[in-house]
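Chemist: Just a sequence and a predicted model for now, questions to come.
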Amino acid sequence: MPGLEVENLHVRIENKKILHGITLNVEYGSIHAIMGPNGSGKSSLAYTIMGRESYEVEEGDIRLDGESLLDLPTEERALKGIYMALQDPPQVPGVRLSTLMIAAINKKLGNLDLTRVKDPSIVKKMYKYAEELNLSRDILQREINVGFSGGEKKRSELLQALVLEPKVIILDEPDSGLDIDGVKKVANILKELKAEGKAIMLITHYARMFKYVTPDIVTVIIDGKIAVQGGPEVANLVEEKGYAYIRQRFFKR
Ligand SMILES: Nc1ncnc2c1ncn2[C@@H]1O[C@H](COP(=O)(O)OP(=O)(O)OP(=O)(O)O)[C@@H](O)[C@H]1O
Ligand SMILES: [Mg+2]
């Protein structure tokens with residue numbers, strides 16, 4: 001089974017062309033890192049995979065297990081097992097984090113009552129992962145992201161990914177705003193998820209997380225195109241030389 005496949009993807013937002021023919025695979029049991037300078041189109045790629053409105057696919061395809069997702073709304077893509085942890089998750093006043101997670105789990109399980117937990121082991125799991133992520137129990141009872149610190153937001157996004165058990169996990173800069181222990185923690189969790197067979201797409205500027213978890217494939221996107229694709233050595237090159245060098249050496253207009 002191939003996992004998530006992106007093939008020759010061309011994307012426009014309003015009148016701006018943002019992605020120009022991106023091709024990449026995120027296989028099960030692997031970590032595919034997406035790197036690139038600010039504004040190169042990394043988040044746009046992730047949003048397009050999730051089917052966010054206004055990201056218009058002009059050409060190409062996005063497939064999960066060989067089946068095109070293009071005609072499906074975001075919710076159905078999520079139900080098929082793709083989860084995206086946002087770069088900058090929004091506040092949702094009035095909704096507790098635990099309420100959201102329980103609703104999402106019930107939705108996934110096809111339960112009509114979204115508020116009740118039929119299987120108490122899910123709540124146990126939620127607490128276990130929260131502890132692993134150093135998130136206090138009271139965070140779960142607070143309104144989503146309201147007053148959360150930068151790191152708490154990132155950790156709670158990852159908590160949702162762990163509890164929902166998606167097949168494909170897209171993480172948009174999970175290391176931003178995390179302290180060094182947080183980066184290590186997230187890296188270790190990614191290792192576990194990889195060992196469980198999840199397909200992981202890890203968007204990041206920096207190679208610092210790769211000290212603790214080695215990506216299988218690294219793709220560098222510049223101006224909406226793939227500049228270079230390779231193994232972990234590509235991330236080291238980025239870290240050592242910077243994007244200006246990568247652009248000069250690999251990028252073709
Ligand atoms: N809704 C929008 N309307 C117009 N332009 C947009 C929109 N969303 C994104 N863009 C533009 O698309 C380009 C790519 O943005 P994107 O957020 O995908 O970059 P990125 O690689 O994630 O950057 P960063 O590393 O800063 O997060 C940018 O020039 C951005 O301004
Ligand atoms: Mg981004």
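Modeler: That came through fine. Numbering: from 1, shown residues only. Ligands and ions are numbered 1, 2, ... in the order given.
Chemist: and the nearest residue to Ala187 once chain neighbours are set aside, what pLDDT?
Modeler: With CB to CB, 6 or more residues apart in numbering as the criterion, Ala187 has its nearest non-adjacent residue at 3.4 Å, and that residue is Tyr212. (Glycine included, C-beta is placed from N, CA and C.) Per-residue confidence (pLDDT) for Tyr212: 94.
Chemist: and Tyr212, how many residues sit next to it?
Modeler: 14 (other CB atoms under 10 Å).
Chemist: Same check on Val95?
Modeler: Val95 has 14 neighbours, counted by other CB under 10 Å.
Chemist: That one belongs to a strand, doesn't it?
Modeler: Yes: the assignment for Val95 by DSSP: H, G, I helix; E, B strand; the rest coil puts it in a strand.
Chemist: Distance check, it against Glu157.
Modeler: Computed as CB to CB, to the nearest Å, the Val95 to Glu157 distance reads 15 Å.
Chemist: in terms of contact, does Gln229 touch Ile221 like I think?
Modeler: No: counting by CB atoms under 8 Å, Gln229 stays clear of Ile221, with 9.6 Å between them.
Chemist: Show me which of the two is the more surrounded one.
Modeler: Ile221 (24 against 15).
Chemist: wait, what's in contact with the nearest residue to that one once chain neighbours are set aside?
Modeler: Nearest residue to Ile221, sequence neighbours excluded (CB to CB, 6+ apart): Gly36, at 3.9 Å. If you count contacts by CB atoms under 8 Å, 6 or more residues apart in numbering, Gly36 has them with Lys42, His205, Val220, Ile221, Ile222, Ala227, Tyr243.
Chemist: Name the helix or strand for the fourth one, please.
Modeler: Using DSSP states H and E, Ile221 maps to strand 217-222.
Chemist: tell me what that strand is packed against?
Modeler: strand 16-26, strand 30-35, strand 225-230, helix 232-241, helix 243-250 (3 or more CB pairs under 8 Å, 6 or more residues apart in numbering; DSSP states H and E).
Chemist: ok, which stretches of the stretch 1-150 of the chain are strands?
Modeler: Taking DSSP state E, counting those that start in this stretch, the strands of the stretch 1-150 of the chain run over residues 4-13, 16-26, 30-35, 55-64, 67-68, 82-85, 92-96, 143-144.
Chemist: still on that earlier bit, find the residues that touch each one of Gln229 and Ile221.
Modeler: With the criterion set as CB under 8 Å, 6+ apart, the contacts of Gln229 and Ile221 do not overlap.
Chemist: quick one on the thing from earlier: these two touch, right, the residue nearest to Ala187 and Val183?
Modeler: Yes: applying CB under 8 Å, one finds Tyr212 in contact with Val183, separated by 7.1 Å.
Chemist: neighbours of the closest residue to Ser156 other than its chain neighbours, just the number please.
Modeler: On the basis of CB to CB, 6+ apart, the spatially nearest residue to Ser156 that is not a chain neighbour turns out to be Leu97, at 5.9 Å. When counting by other CB under 10 Å, one arrives at 24 neighbours for Leu97.
Chemist: Against Leu159, how distant is Leu97?
Modeler: 8 Å.
Chemist: how about the helices of the stretch 101-250 of the chain, start to end?
Modeler: Per DSSP state H, counting those that start in this stretch, the stretch 101-250 of the chain carries helices over the ranges 120-132, 137-140, 150-164, 180-195, 232-241, 243-250.
Chemist: which of the residues in stretch 106-125 are buried?
Modeler: Within stretch 106-125, the residues that count as buried by 16 or more other CB atoms under 10 Å are Asn106, Asn111, Val117, Ile122, Val123.
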